[in-house]
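Peer 1: Quick one, fold the following:
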Amino acid sequence: MKNQVQLITYVDRLGGRRDGADLARLKRLLSEPGAPLAGVFGGVHLLPFFHAIDGADAGFDPIDHTQVDPRLGGWADIKSLTEVVDVMGDVIVNHMSAESPQFLDYSEKGDASAYAGLFLTLDAVFPNGATERDLLAVYRPRPGLPLTYATLKNGERRILWTTFTVAQIDIAVHHPQGRAYLAGILRTFADNGIRMVRLDAVGYAIKKAGGSCFMMPETFDFIGQFAQEARALGIEVLVEIHAYYQRQIEIATQVDWVYDFALPPLVLHAFNFKTAAALKRWIGMRPTNALTVLDTHDGIGIIDIGADASDRAAYPGLVPPQELDQLVERIHTASQGESRKATGAAASNLDLYQVNCTFFDAMGRDETAYLLARAIQFFLPGVPQVYYVGLLAGHNDMDLLARSQVGRDINRHHYTADELDADCRRPVVQRLIALIRLRNAHAAFQGRFTRFDSDDTVLHLRWDHGAAWAELRVDFASLAHALSYSAADGSRSVFAFS
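Peer 2: Here you go, the predicted structure:
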C-alpha cells in the first residue's frame, strides 16, 4: 500500500449523478489537470459500488457483488480509475442480500437448491439446539439476537442467521458455494486492477456453538486463508474491526492492515479534556500497520477506547468510563444536539457503540482545531485515509437523516457538483488539501518517527529521513501549536493553520 493519504468515498456522493458516468467523473476529479482534487490522493477506497448501491444498507447488502451498479458505470471504468490512482474495494464476507440470485433460488427450492447449506440457519450453528447461555455468549454490536424467523417462498420455515439486518443473510464461508462466491469476487477485483480490499464484517464471519461468534481463533484462521488467496492475486487485505483496543493490537499482528479506530475518539478526548495523556499512551502501544482515520462512512467509535464489556474491571479502557460518557455528551453539545438525534436508539440506529456525527461538527466547527486534528492523524505511523465528508469539512445532513431515519446518514451527504466546487474553495478545505499534499510529498514521512516526552497537555511528534524532517507540536491546554518542516533548500518552513 502506498504511503500517501487515501480518500474514502461513495462513487455517487461526490458530485455524482447516477447517470452511468459517475466513475468516469470521479476519475476526472482526481486526475484531470485543473480539477480541484487532481493529484491530491495516492489512493481511493471506493465504498460499495456493486449492484445495488441503494439497498437496505447503502450497498453493504449486495445483490451481485461482481457487478458494478450500472448507474455508476462499469468494470472498464474501475480499471481505468486504477490507472491513475490505487483503488481499494470492499469484500463483504459475512452476508449477501436476501434479493440475491443465490438466496432467491434457496427460498424457492429449499434443500433441493444448489445453495442449500450456503445460508446459515440456527440449526446450522447449533445442531444440538441452543441454550439461553449459548445465545447470550454471542457477541452483539446491536440490540437483540442475530436471528430472523422467515418463511421461504416454498413455504418452509427457517430461523436465519442475520447479524446486521433482515435483508442481509449470513453465509457459511466454508461451504463450497461460499468459498466459490468469495473466490469469484477476488478474481473479478484482480482482473480489474484492484490491489487492496477491505474485509467488511469479517469479525462475524465464523459461527461456533458455545463461542462468541466474533474474532475467535477460527475467525483468524479464516482471515489468514482468505488473505493468502488474495495475496496470490496481488491483493493486500485490510481488516475492519471495532473492538476493545487490546483486541485490535492482537489482530494487527496477524493481518496486513487494520484501522486505528481508537484515534478519532482519543483526538476528541484530547481537545475536550485539554490533555494528551490518553492519546500519548495509545501512540506508545498502537499497531503501526494501521490505516489512520478520523471519520468513515460509519460513526465515531466508542467501544474502541472503552473497557472490555466482558470484564470492565480487569480490562479497563484507554480513558475512564465517566470521561467517555462526558465525551459523548460534549460531542452532542458541540454539534448543537444534532448527533444526539442520530445516535443510540434514535433514528433507527442500531450501532450502539458509535456516535453518528461529522467529525467537523463533533469539533464544534472550529477550523483551526479541526486542521490540527488532521495534522495529528497524518503524523502518526501508518497510512492516512480521509472520508469525503471530512475532506470538505462537512456538516451534519439533517435533511437526509429526516428522510431516511438512518442514523449514519447524518454523515453521508450527497454533494452536488456545485456544492463540491464551492466547498473546495473554502479556506479550511484549501488548507486541508495543502496539508495532504505536504504529507504525501515530504520525504521525512518515509523515515523514522519519534514521540517526545512532554507535559500531559502537550503532544510533540517528529519524522526524520536523512536531512529531511517534519515536526508537530500541539498544546491542548492553550491550543498553541506549530508544524514546521525542512524545505528543499534546507531552511525551515512553517505550515499556516489559519
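Peer 1: Now do the helices in the stretch 351-498 of the chain.
Peer 2: Applying DSSP state H, counting those that start in this stretch to the stretch 351-498 of the chain gives helices spanning 359-362, 367-379, 388-391, 398-404, 417-424, 427-441.
Peer 1: Switch those over to CSV; also include mean neighbour count.
Peer 2: To be clear about C-beta, it is placed using only N, CA and C from the backbone, and glycine gets the same treatment. Shown next, in CSV, are these (neighbours: other C-beta atoms under 10 Å):
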stretch, mean neighbour count
helix 359-362, 26
helix 367-379, 22
helix 388-391, 25
helix 398-404, 14
helix 417-424, 14
helix 427-441, 17
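Peer 1: Turn these into JSON lines, including distance to Asp54.
Peer 2: JSON lines is the format used below for these (distance: least, C-beta to C-beta, whole Å):
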{"stretch": "helix 359-362", "distance to Asp54": "25"}
{"stretch": "helix 367-379", "distance to Asp54": "31"}
{"stretch": "helix 388-391", "distance to Asp54": "17"}
{"stretch": "helix 398-404", "distance to Asp54": "11"}
{"stretch": "helix 417-424", "distance to Asp54": "20"}
{"stretch": "helix 427-441", "distance to Asp54": "28"}
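Peer 1: JSON lines for the ones you listed, including mean pLDDT?
Peer 2: Formatted as JSON lines, the helices of the stretch 351-498 of the chain follow (pLDDT from 0 to 100):
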{"stretch": "helix 359-362", "mean pLDDT": "98"}
{"stretch": "helix 367-379", "mean pLDDT": "98"}
{"stretch": "helix 388-391", "mean pLDDT": "98"}
{"stretch": "helix 398-404", "mean pLDDT": "96"}
{"stretch": "helix 417-424", "mean pLDDT": "98"}
{"stretch": "helix 427-441", "mean pLDDT": "98"}
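Peer 1: Out of those, flag the one nearest Val5.
Peer 2: helix 427-441 (4.7 Å; C-beta to C-beta).
Peer 1: tell me which residues in stretch 5-17 are buried?
Peer 2: Using 16 or more other C-beta atoms under 10 Å as the test for burial, stretch 5-17 gives 5-16.
Peer 1: out of the residues you listed, which one sits closest to Leu400?
Peer 2: Arg13 (10.2 Å).
Peer 1: Retrieve the pLDDT associated with that closest one.
Peer 2: Per-residue pLDDT puts Arg13 at 97.
Peer 1: can you check Ser348 too?
Peer 2: 40.
Peer 1: can you give me the helices in the stretch 201-350 of the chain?
Peer 2: Under DSSP H, counting those that start in this stretch, the stretch 201-350 of the chain gives helices at 217-232, 245-252, 263-273, 277-283, 321-334.
Peer 1: mean pLDDT lowest for which of those?
Peer 2: Among those, helix 245-252 scores lowest, at a mean of 89.
Peer 1: What is that one packed up against?
Peer 2: strand 257-260 (3 or more C-beta pairs under 8 Å, 6 or more residues apart in numbering; DSSP states H and E).
Peer 1: circling back to that earlier point, which of the helices of the stretch 201-350 of the chain sits closest to Gly20?
Peer 2: Taking the helices of the stretch 201-350 of the chain one by one with C-beta to C-beta, helix 217-232 is closest: 29.5 Å.
Peer 1: Would you mind getting the angle between the closest one and helix 245-252?
Peer 2: 40 degrees (axes from the mean of the first three to the mean of the last three C-alpha atoms, to 10 degrees).
Peer 1: List the contacts of helix 217-232.
Peer 2: Contacts with helix 217-232, where a contact means C-beta atoms under 8 Å, 6 or more residues apart in numbering, come from 93, 173-174, 182-183, 186, 197, 199, 202-203, 205-206, 208, 211, 236-237, 239, 251, 254-256.
Peer 1: how about 6 Å then?
Peer 2: 186, 205-206, 237, 254 (C-beta atoms under 6 Å, 6 or more residues apart in numbering).
Peer 1: now do stretch 355-370
Peer 2: With C-beta under 6 Å, 6+ apart as the test, stretch 355-370 has contacts from 271, 294-295, 299-300, 328, 331, 334-335, 339, 342-343, 389-390, 393-396, 407-408, 410-411, 428, 497-498.
Peer 1: ok so, going back, which residue in the contacts of helix 217-232 has the weakest pLDDT?
Peer 2: Among the contacts of helix 217-232, Gln254 carries the weakest pLDDT, at 82.
Peer 1: Need phi/psi at it.
Peer 2: phi -120, psi 0 (degrees, to the nearest 10).
Peer 1: The residue nearest to it when sequence neighbours are not counted: how many residues sit nearby?
Peer 2: Distances taken as C-beta to C-beta, 6 or more residues apart in numbering put Phe220 closest to Gln254, at 5.5 Å, once the chain neighbours are dropped. Counted with other C-beta atoms under 10 Å, residues neighbouring Phe220 total 17.
Peer 1: cool, and the one 10 residues further on?
Peer 2: The number of residues packed around Ala230, counting by other C-beta under 10 Å, is 23.
Peer 1: cool, the one 4 residues further on as well?
Peer 2: Burial of Gly234 is recorded as 10 neighbouring residues (other C-beta under 10 Å).
Peer 1: ok, now how distant is it from Thr82?
Peer 2: Distance, Gly234 to Thr82, using C-beta to C-beta, to the nearest Å: 12 Å.
Peer 1: With Ala487 instead?
Peer 2: Ala487 sits 34 Å away from Thr82, going by C-beta to C-beta.
Peer 1: now the worst-scoring helix or strand of the chain on mean pLDDT against helix 263-273, angle please.
Peer 2: Sorting the helices and strands of the chain by mean pLDDT, DSSP states H and E puts helix 245-252 at the bottom, at a mean of 89. Using the same axes, to 10 degrees, the inter-axis angle of helix 245-252 relative to helix 263-273 is 150 degrees.
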